[in-house]
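A.B. asks: got a sequence here, can you build the structure:
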Amino acid sequence: MTTAPAVPESTATPTRRVAWASMVGTSLESLDFYVFAYFSAYFIGPLFFDPLGHFGGTLASFATIAVAFVVRPIGAVLFGHMGDRLGRRATLLWTVGIMGVATGLIGVLPTYAVAGWLGAVLLVLLRVVQGLSLGGEWGGSILLATEHSGRVRRAFYAAIPQLGSPVGSTLSAVLFLVMAAVMPAAQLAAWGWRIPFLLALPLLAVSLYLRWSIDETPVFQRVVAQERRDRVPFATMWAKRPGAIVIAIGAALLGIGSYSLMNTYTINYGVDHLGFAFQDLLIATTIGALVQFVTIPLFGAWASRIGSAQVVLWGALGTLVITFPMYWMLQFATFPILVGTMIIGGILPTMSWAALGGLMNDLFPDHFRYSALSVSYAIAATVSGFVPLITVALGQATGYAWWHPGIILGAMSAVTLVTAWAASRLARAAG
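C.D. replies: All right, here's what the predicted structure looks like:
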């Protein structure tokens, strides 16, 4: 009689340390996103696309955001395959390393005034590299947290990597506000904008140290011990769970897309058409991000009680209800209304964001889970990457009517609402 392979049941790495390791990686991802989002709305156009004029430069800078999202599914397939074949930990060391180096290199690019279109070309290439690495980062971070935790606390720990978004948003905004306060505008435009990109390098060092010092997840060790790894996880997931992938994509749309809308497009829209000062917009978004440090863990704890899909559903429904009143109020252009908009308009989509990792984790089996989470999230992120571009085009077509951003946010909320309801039914059927 043959002896069954040993099945690892636990890990020597404390779950809280693993959660920190996963969150630091998503923080670096978020820092990249928000630094580029803030600076694309204000600096990237004039610095790299000056001959295109103000509107053309704005479109081009938003398009460079979209470029990174377009290639994310390719990175998701590549790193998803690595994560399901080689392991979660090893793959995440690669993704965070590539991402951090590419972000730092943006900080040393020559502008149009120095090297013509060369800087813009290199910028797009680095955004492609970032997009590839980001394709495998989020799914692996979620699995690093959930596959080291017990079943009861899994939904809570799935929410911890989501704290990376407010960490990146807060750090990016604080950096800009401090630099704007201590540096003349001419120096900020000349070289100060490079500092936030270069600061990605020390954050990368911390993230690499944390991830190097933890164990592989016991779930993946069990898959290896039981010889259940798929030769081509990408093909298996489409053969076994095509409906779940569609549901996961839709469920992710609001959580990702709302950040693109609120923190990228709204900053440009608020400065150009509502009369807000750029610093006021950053302060308001930072206050909204600070609130998320409390709400994300609370929503994660709530997901542990009622189920992740239910929390995503309630977040989508609440966002749908407040979308048009929120943008109607914003047109009055007072700072208290702006802060209230960023808080209320942040809390409800954050419900869907906080519980997203738990919802996706529950949809897929362990032997192709990395690929499934990465590809689903990357496709949703690709769609979301075009949100600022689509919204500015809709604004141009409607004369920047007050309700035009609400059309986009409402559509994303409706899609996430329907797919979260479908995910909850799948969870009940599985249970």
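
A.B. asks: my read: Leu171 touches Leu31, true?
C.D. replies: Yes - checked against Cβ atoms under 8 Å, the pair Leu171 and Leu31 is within contact range at 5.8 Å. Where C-beta positions appear, they are placed from N, C-alpha and C, glycine not excepted.

A.B. asks: compare those two (neighbour count), which wins?
C.D. replies: More crowded of Leu171 and Leu31, by other Cβ atoms under 10 Å: Leu31, with 28 against 20.

A.B. asks: list the contacts of that one.
C.D. replies: When the contact criterion is Cβ atoms under 8 Å, 6 or more residues apart in numbering, the partners of Leu31 are 103, 167-168, 171-172, 196, 199-200, 203.

A.B. asks: take these and keep only those in helices.
C.D. replies: 103, 167-168, 171-172, 196, 200, 203 (DSSP state H).

A.B. asks: quick one: residues contacting Asp84.
C.D. replies: Contacts for Asp84 (Cβ under 8 Å, 6+ apart) come out as 229-230, 233, 367-371.

A.B. asks: among those, name the ones in helices.
C.D. replies: Reading helices off the contacts of Asp84 with DSSP H, I get 233, 369-371.

A.B. asks: any chance of these in JSON lines, plus neighbour count?
C.D. replies: Listed next are these as JSON lines, based on neighbours: other Cβ atoms under 10 Å:
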{"residue": "Pro233", "neighbour count": "24"}
{"residue": "Arg369", "neighbour count": "28"}
{"residue": "Tyr370", "neighbour count": "32"}
{"residue": "Ser371", "neighbour count": "31"}
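
A.B. asks: ok, those residues vs Ala90, which is closest?
C.D. replies: Nearest to Ala90 among the ones in helices among the contacts of Asp84: Tyr370, at 11.4 Å, using Cβ to Cβ.

A.B. asks: these two touch, right, the closest one and Thr91?
C.D. replies: Yes - Tyr370 is in contact with Thr91 according to Cβ under 8 Å; the separation is 7.3 Å.

A.B. asks: and for the two, which residues touch both?
C.D. replies: 79, 83, 136, 140.

A.B. asks: mind listing what the third one touches?
C.D. replies: By Cβ under 8 Å, 6+ apart, the contact list for Gly136 reads 75-76, 78-80, 82-83, 91-92, 94-95, 370, 374.

A.B. asks: at 10 Å instead, please
C.D. replies: Neighbouring residues of Gly136 by Cβ atoms under 10 Å, 6 or more residues apart in numbering: 72, 75-83, 91-92, 94-96, 98-99, 370-371, 373-375, 377-378.

A.B. asks: try the last one
C.D. replies: Residues near Gly140 by Cβ under 10 Å, 6+ apart: 22, 25-26, 79-80, 82-83, 87-96, 161, 211, 217, 370, 373-374.

A.B. asks: switch to 7 Å and redo it
C.D. replies: 83, 88, 91-92, 95, 370 (Cβ atoms under 7 Å, 6 or more residues apart in numbering).

A.B. asks: all helices of the stretch 301-431 of the chain, in order?
C.D. replies: Applying DSSP state H, counting those that start in this stretch to the stretch 301-431 of the chain gives helices spanning 308-330, 335-354, 356-363, 369-385, 387-397, 404-430.

A.B. asks: least confident of the ones you listed, on average?
C.D. replies: Least confident of the helices of the stretch 301-431 of the chain, judged by mean pLDDT, is helix 335-354 with a mean of 85.
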